[in-house]
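Visitor: Just the structure for this:
(2 chains)
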Amino acid sequence: MDTYVSHDPREDAYSKPLDKLDVSDPQLYFTDTWYPYFERLRREDPVHYTPESPYGPYWAITKYKDIMKVEVNHRVFSSSDEFGGITIEDPPQGMERTSFIRMDPPEHDEQRKESSPTVNPMNLAKMESLIRERTCEVLDGLPRNEEFNWVDRVSIELTSRMLATLFDYPLEDRRKLIRWSEIVITNINAPDAIVRSEEERFAEQLKFTEHMNELWEERAKRPPTFDIISILAHGEVTGKMTLRQRMGILILFLVGGNDTTRNSMSGGVWGLSQHPDQFRKLRENPALVPSLVPEIIRWQTPVIHMRRTALEDAEIGGKKVKKGDKVVIWYISANRDEDAIENANSFIVDRPRPREHMSFGFGIHRCLGNRLAELQLRILWEEILKRDLQIEVLDKPVYAYSNFLRSIKSLPVRLAA
Amino acid sequence: MPKVTYIEYSGTEHQVEVPAGLSVMRGAINNAVPGIDADCGGECACATCHVYIDPAWLDQIGPPEPGSQEASMLGFAAAAEPNSRLSCQITMCEELDGLIVRMPEGQH
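Guide: Numbering: from 1, shown residues only, chains lettered A, B, ... in the order given. Take a look at the predicted model:
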């Protein structure tokens, strides 16, 4: 990959020849310098063919409107592992972890419908008091006047408990789930990668599946409960899954509801610290939490991109995409598209239509857990404001080396006594 | 101007004037009627504008077009019933004056 000629990302983004502009470089997200590259593409080449990249040639879709069209047109733009799946990087051959996120209808539909009771509105209402209890416990246990990592002490603490509840997994072992989740998503080329090859990753994923499979078999025999394992074990279609199929869907729930929500919990603290006038507005009016929450999710954009494969020739934004082409929809760019979102680059706690953002995607693959994510964030911020916590952010976040998940690894903070 | 009655899950009713040409969803959003979220802004892409059509209006409104994007998305809405529709796909007109819709327990 190109090394940067200048240290100024804006200068680099605008001086590079357009056909060398490749937004797939994980370095852009690690250094948090992606913004001007997408700004230029949205202005000059919104449907941008990138002829060369470490992932082969691909189309970068950068406008909100065009991404929405691709999302809604699942008949032409496939998510199936058969054609390359949902990330710019094709899954390793023979080691796919297929689940409904990486399927087209009709298979997709059956799996999604059978899984969705776990996060439907009625089930979420049942979870609310438990989530609040834990949030209070975690917040009240935080040190005062002492530096700590918000990511570890709050974001991971809360989301690991949520994950354990979703799976009805022993709470005391919840960090095992976190470790497995890290293994699933780590970029094997990252300096701090915890697995170094696809084979190693696959072996660990299999171990995870065999471990969870014991619970699956157990719960299949007992009457159904609302955790995801029992729901899957009792599903008409999902109940008949092979071990490999179970691996795919368990991994989806492991990752889908974990890293993403965690990063919004961290990103919200960072975002508000960078916009003190907004933080003040929020403190003066805690009734703004319901519009704060989707704004945090928009601002953070926990999932940077998704990928589709064209099943036939198609037109996007006036450009002709060919059958078989890799089409990458950059959520991170959609969420800063001024043509779709007013003052897109500002963090605004009282936006009129705050849920009109791309972070959860749209269409049949729209994030199943979106309201659960919002619920956890709402409760977190309600309790932070109730306690009037004065959060001082001591340094900027460290982001993961990844073009897929916008993960915050550390955010050092201090709470006033 | 045609009117729509939106009935929240709790039973609270809102009677709203919705100009012909606007969707039933837009009528709710423009008048701050709670219970219709419309996350995607009317693109038939999120299923959070899900409503139940009152039996008196079911024949006139009809089910979603088979094989349509609406039918696909409605398939994933929680507590979908035979009288479910996505309100962003119902356009108001004089013939629908007096339409009654009910909101589900939650959108997601």
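
Visitor: How about the backbone phi and psi for the residue of the stretch 1-150 of chain A found nearest chain B?
Guide: Nearest residue of the stretch 1-150 of chain A to chain B: A:P121, at 2.5 Å (CB to the nearest CB). C-beta: built from backbone N, CA, C; applies to glycine. Torsion angles at A:P121 (phi, psi; degrees, to the nearest 10) stand at phi -50, psi -40.

Visitor: Am I right that it is in contact with B:A78?
Guide: Yes: assessed by CB atoms under 8 Å, A:P121 is found in contact with B:A78 at 5.7 Å.

Visitor: mind listing what's buried in stretch B:29-49?
Guide: Residues of stretch B:29-49 classed as buried by neighbour count (16 or more other CB atoms under 10 Å in any protein chain shown): B:29, B:33, B:35-49.

Visitor: Could you list which residues are in contact with the spatially most central residue of chain B?
Guide: With distances taken as CA atoms, centre = their mean, B:S87 lies nearest the centre of chain B, 2.8 Å away. Residues in contact with B:S87 (CB atoms under 8 Å, 6 or more residues apart in numbering or on different chains) are B:S23, B:V24, B:M25, B:A28, B:I36, B:A38, B:C49, B:H50, B:V51, B:V101.

Visitor: Would you agree A:K323 falls within a helix?
Guide: No: counting by DSSP: H, G, I helix; E, B strand; the rest coil, A:K323 is located in no helix; its state is coil.

Visitor: tally of neighbours for it?
Guide: Using other CB atoms under 10 Å in any protein chain shown, A:K323 has 11 other residues around it.

Visitor: thought it was touching A:S78?
Guide: No: using CB under 8 Å as the test, A:K323 is too far from A:S78 to be in contact (10.7 Å).

Visitor: Which positions in chain B make contact with chain A?
Guide: Contact residues (CB under 8 Å from any CB of the partner chain) of chain B with chain A: B:37, B:39-41, B:43-47, B:69, B:72-73, B:75-76, B:78-79, B:104-108.

Visitor: give me that answer again for 10 Å
Guide: B:9, B:29, B:37-48, B:69, B:72-73, B:75-80, B:104-108 (CB under 10 Å from any CB of the partner chain).

Visitor: remind me, longest helix of chain A?
Guide: helix A:198-221 (DSSP state H).

Visitor: So which other helices or strands are in contact with it?
Guide: Applying 3 or more CB pairs under 10 Å, 6 or more residues apart in numbering or on different chains; DSSP states H and E, we find helix A:198-221 packed against helix A:174-185, helix A:228-234, helix A:243-256.

Visitor: right, and those - which one's nearest chain B?
Guide: Of all the helices and strands packed on helix A:198-221, it is helix A:228-234 that lies closest to chain B, at 13.5 Å by CB to the nearest CB.

Visitor: what about that closest one and chain B, touching?
Guide: No: judged by CB under 10 Å from any CB, helix A:228-234 stays clear of chain B, getting no closer than 13.5 Å.

Visitor: In chain B, mark out all the helices, start to finish.
Guide: For chain B, the helices defined by DSSP H occupy B:24-30, B:55-61, B:69-74.

Visitor: now do the stretch 51-200 of chain A
Guide: Here the stretch 51-200 of chain A has its helices, by DSSP state H, counting those that start in this stretch, at A:64-72, A:107-115, A:121-140, A:150, A:157-167, A:174-185, A:198-221.

Visitor: Go through the first one and flag the buried ones.
Guide: Of the residues in helix A:64-72, those with enough neighbours to count as buried (16+ other CB under 10 Å) are A:Y64, A:D66, A:I67, A:M68, A:K69, A:V70, A:E71, A:V72.

Visitor: ok, now how distant is the closest residue to A:I178 other than its chain neighbours from A:L18?
Guide: Computed as CB to CB, 6 or more residues apart in numbering or on different chains, the closest residue to A:I178 that is not its neighbour in sequence is A:S160, at 5.1 Å. Separation of A:S160 from A:L18 (CB to CB, to the nearest Å): 43 Å.

Visitor: which of these two has more neighbours?
Guide: It is A:S160, of A:S160 and A:L18, that has more neighbours when counted by other CB under 10 Å, with 21 against 12.

Visitor: tell me the pLDDT at the more buried one?
Guide: If you check A:S160, the pLDDT there is 94.

Visitor: show me the contacts for it.
Guide: Applying CB atoms under 10 Å, 6 or more residues apart in numbering or on different chains to A:S160 gives the contacts A:Y169, A:L171, A:D173, A:R174, A:R175, A:K176, A:L177, A:I178, A:S181, A:N258, A:R262.

Visitor: Relative to A:A287, how far out is A:L375?
Guide: Using CB to CB, A:L375 is found at 17 Å from A:A287.

Visitor: Those two - which one has more neighbours?
Guide: The neighbour count for A:L375 versus A:A287, taken as other CB under 10 Å, is higher for A:L375 (21 against 8).
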